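J.: Kindly generate the corresponding structure for this input.
(one chain, ligands or ions: 4)
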Amino acid sequence: MPETIAAAPTAASVAGLLAEVGGTGTDPVRGGYSRPVWSTAELELREWFTAHAAARGLDVEADRNGVLWAWWNPAGLPLTDAVVTGSHLDSVPGGGAFDGPLGVAAALAAVDHLRGRDLAPRRPLALAVFPEEEGSRFGVACLGSRLLTGAIGADRARALRDPDGNSFADVAARHGLDPRRVGRDDETLARIGTFVELHVEQGRGLVDLGRPVAIGSSILGHGRWRLTVSGEGNHAGTTLMADRRDPLVAAAQVVVAARDAARAHPPARATVGRVQPVPGGTNVIASRVDLWLDVRHPDDATTAALVAQIHERARQVAAAEGCTAELVEESFSPTAHFDPALRERLREVLPDAPVLDTGAGHDAGVLAAHLPTAMLFVRNPSGVSHSPAEHVEDVDAEVGATALADVLADLLTR
Ligand code: GLV
Ligand code: MN
Ligand code: MN
Ligand code: MN
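T.: Ligands and ions are numbered 1, 2, ... in the order given. This next block holds a predicted model:
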């Protein structure tokens, strides 16, 4: 854990900061990291963040939705119109080291850069850490920012369940939140003037351009749907092939149908990354299969049409197997365009940075519906993400943190 840092620090290196948590939440089965929200690993990372923020003299608080805020306000300005930067510390199952933590570590390093410059901030700065960005525990991505902005209703959020059947309300209460108070938080929202999230790039845009840092333009609309195929559970040895109503046979065809539907509508993406046969025994014909569909397209109407098409196909293949198929939307995020005026300001500060869009969701996308929001992406030489193969070179991480500091300095002082 960090020493208290004196007034004009040398900036901590992003790689050094990330190395401190490099052993936390590693997943020996899947490889990479599994740090679901409020797991021991994610809590340890939050403590790491809190200790580093405190060592820099920042005031750390958790809001009623579990978002961590660390305030840097040397001039004692009113906590309004703040410039906010940050990201998340939870991960997908078997994820990489950078998706989330890079933006948090870069935010800490950027504060060091700013404290080493002779700035007279006209606005407060806050670092933010959002819980459950990946939705890998309760199923709804960006749950923290959705709660903060009211993009998900409090009742619905409280009732969400993790794979062990624990409700969000119960788990939140165990971790110090008052579940009756989760939900849209106008007081906290009113404090934020601008949000800038730095993130590892999750594709090959920067690798192909040979550049270390990009400015974000937009996030592809995306959503998650749960498809439940119901059939008849039975014995794998005694049930003749002609007598089966096997929902997994139908589900397998839905996986292919989703792939085909997206291929027919470029640049759509459709993925089934999670399939759960119930009860899930080798010698048991499943009675039910839940599968989760992730569909993305820049045109929200096309996304809706694709989902409808996949559902219709699911009904057909289910019927052919003597099964039924039901679809429920779990979350949807319309295509988000970052604030054009803010983007122009970032371009003035970083004239060499290309402007790229992304197919990955972020809290910045949720916040973009409420306030001027921007993103910075840092080159990922593998072009791979949501995988242990995700990577950022140390030198690029530093370039990213410096770019973030330059952007923050401009926003704080101009
Ligand atoms: C989150 O990273 C997503 O894009 O699903
Ligand atoms: Mn992320
Ligand atoms: Mn992610
Ligand atoms: Mn994400």
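J.: give me the residue from the stretch 251-400 of the chain nearest ligand 2.
T.: residue 362 (5.8 Å; Cβ to the ion). Using the backbone N, CA and C atoms, a C-beta is placed for each residue, glycine as well.
J.: contacting residues around that residue?
T.: Listed by Cβ atoms under 8 Å, 6 or more residues apart in numbering, the contact partners of residue 362 are 87, 133, 142, 197, 199, 219, 375.
J.: residues near the nearest residue to the second one once chain neighbours are set aside, how many?
T.: Read that as residue 133. Spatial nearest neighbour of residue 133, chain neighbours left out: residue 88 (3.5 Å); criterion: Cβ to Cβ, 6 or more residues apart in numbering. Neighbour count of residue 88, defined by other Cβ atoms under 10 Å: 30.
J.: surely residue 88 meets residue 129?
T.: Yes: using Cβ atoms under 8 Å, residue 88 is in contact with residue 129, at 6.4 Å.
J.: how about the contacts of residue 362 in CSV, adding secondary structure, distance to ligand 1 and pLDDT?
T.: Formatted as CSV, the contacts of residue 362 follow (DSSP: H, G, I helix; E, B strand; the rest coil; distance: Cβ to the nearest ligand atom, whole Å; pLDDT from 0 to 100):
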residue, secondary structure, distance to ligand 1, pLDDT
87, strand, 11, 98
133, coil, 7, 98
142, coil, 8, 98
197, strand, 12, 99
199, strand, 9, 99
219, strand, 8, 98
375, strand, 13, 99
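J.: Could you dump those residues into JSON lines with distance to ligand 2 and neighbour count added?
T.: Formatted as JSON lines, those follow (distance: Cβ to the ion, whole Å; neighbours: other Cβ atoms under 10 Å):
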{"residue": "87", "distance to ligand 2": "6", "neighbour count": "27"}
{"residue": "133", "distance to ligand 2": "6", "neighbour count": "27"}
{"residue": "142", "distance to ligand 2": "9", "neighbour count": "27"}
{"residue": "197", "distance to ligand 2": "8", "neighbour count": "29"}
{"residue": "199", "distance to ligand 2": "6", "neighbour count": "26"}
{"residue": "219", "distance to ligand 2": "11", "neighbour count": "26"}
{"residue": "375", "distance to ligand 2": "10", "neighbour count": "29"}
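J.: what number of residues lie near residue 184?
T.: 16.
J.: do residue 28 as well
T.: Using other Cβ under 10 Å, residue 28 has 6 other residues around it.
J.: Next up, the contacts around residue 62.
T.: 68, 69, 176, 177.
J.: got the contact list for the closest residue to residue 105 other than its chain neighbours?
T.: Closest residue to residue 105 apart from its sequence neighbours, by Cβ to Cβ, 6+ apart: residue 17 at 4.0 Å. Going by Cβ under 8 Å, 6+ apart, residue 17 touches 52, 105, 108, 109.
J.: Report the rounded mean pLDDT for the helix or strand harbouring residue 17.
T.: In the assignment (DSSP states H and E), residue 17 maps to helix 14-20. For helix 14-20, the mean pLDDT works out to 98.
J.: where does residue 299 fall, phi/psi-wise?
T.: Note on residue 299: its backbone torsions stand at phi -100, psi 120 [degrees, to the nearest 10].
J.: Give me the neighbour count for it.
T.: Neighbour count for residue 299, taken as other Cβ under 10 Å: 15.
J.: quick one: pLDDT of it?
T.: Residue 299 carries a pLDDT value of 98.
J.: give the contact list for it.
T.: Counting by Cβ under 8 Å, 6+ apart, residue 299 has contacts 221, 335.
J.: 10 Å instead?
T.: 220, 221, 265, 267, 268, 305, 306, 335 (Cβ atoms under 10 Å, 6 or more residues apart in numbering).
J.: where along the stretch 1-150 of the chain do the helices fall?
T.: Remark: helices assigned in the stretch 1-150 of the chain by DSSP state H, counting those that start in this stretch are 14-20, 40-55, 101-116, 143-149.
J.: Would you convert the ones you listed into TSV that also reports distance to residue 226?
T.: Formatted as TSV, these follow (distance: least, Cβ to Cβ, whole Å):
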stretch	distance to residue 226
helix 14-20	34
helix 40-55	24
helix 101-116	29
helix 143-149	16
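J.: Please identify which of these is closest to ligand 2.
T.: helix 101-116 (7.5 Å).
J.: For the closest one, list every residue counted as buried.
T.: By neighbour count with 16 or more other Cβ atoms under 10 Å, helix 101-116 contains the buried residues 101-115.
J.: Over to stretch 300-308?
T.: 300, 303, 304, 306, 307.
J.: And the contacts of stretch 301-310?
T.: Contacts for stretch 301-310 (Cβ under 10 Å, 6+ apart): 220-223, 225, 227, 254-255, 257-262, 264-265, 267-270, 272, 293, 295-297, 299, 325, 327, 329, 332-335.
J.: which ones are touching the nearest residue to residue 393 once chain neighbours are set aside?
T.: Distance criterion Cβ to Cβ, 6+ apart; nearest residue to residue 393, sequence neighbours excluded, is residue 381 at 6.5 Å. Applying Cβ under 10 Å, 6+ apart to residue 381 gives the contacts 201, 204, 206, 207, 389, 390, 391, 392, 393, 396.
J.: Which element, helix or strand, includes the third one?
T.: Read it as residue 206. Here residue 206 is covered by helix 205-209, with elements defined by DSSP H and E.
J.: counting contacts, what elements does that helix pack onto?
T.: strand 213-219, strand 355-358, strand 373-378 (3 or more Cβ pairs under 10 Å, 6 or more residues apart in numbering; DSSP states H and E).
J.: who does the longest one pair up with?
T.: By that I understand strand 213-219. As defined by DSSP bridges, the strand partners of strand 213-219 come to strand 336-337 (antiparallel), strand 355-358 (parallel), strand 373-378 (antiparallel).
J.: so residue 364 makes contact with residue 374?
T.: Yes: using Cβ atoms under 10 Å, residue 364 is in contact with residue 374, at 7.4 Å.
J.: Please say which of those two ends up with more neighbours.
T.: Higher neighbour count among residue 364 and residue 374: residue 364, with 28 against 23, using other Cβ under 10 Å.
J.: Shouldn't that one be within a helix?
T.: Yes: under DSSP: H, G, I helix; E, B strand; the rest coil, residue 364 sits within a helix.
J.: Pull up the gap between it and residue 42, please.
T.: Distance, residue 364 to residue 42, by Cβ to Cβ, to the nearest Å: 20 Å.
J.: Within range of ligand 1, give me the residues from the protein.
T.: Contacts of the chain with ligand 1, taken as Cβ under 6 Å from any ligand atom, map to 134, 141, 360, 361.
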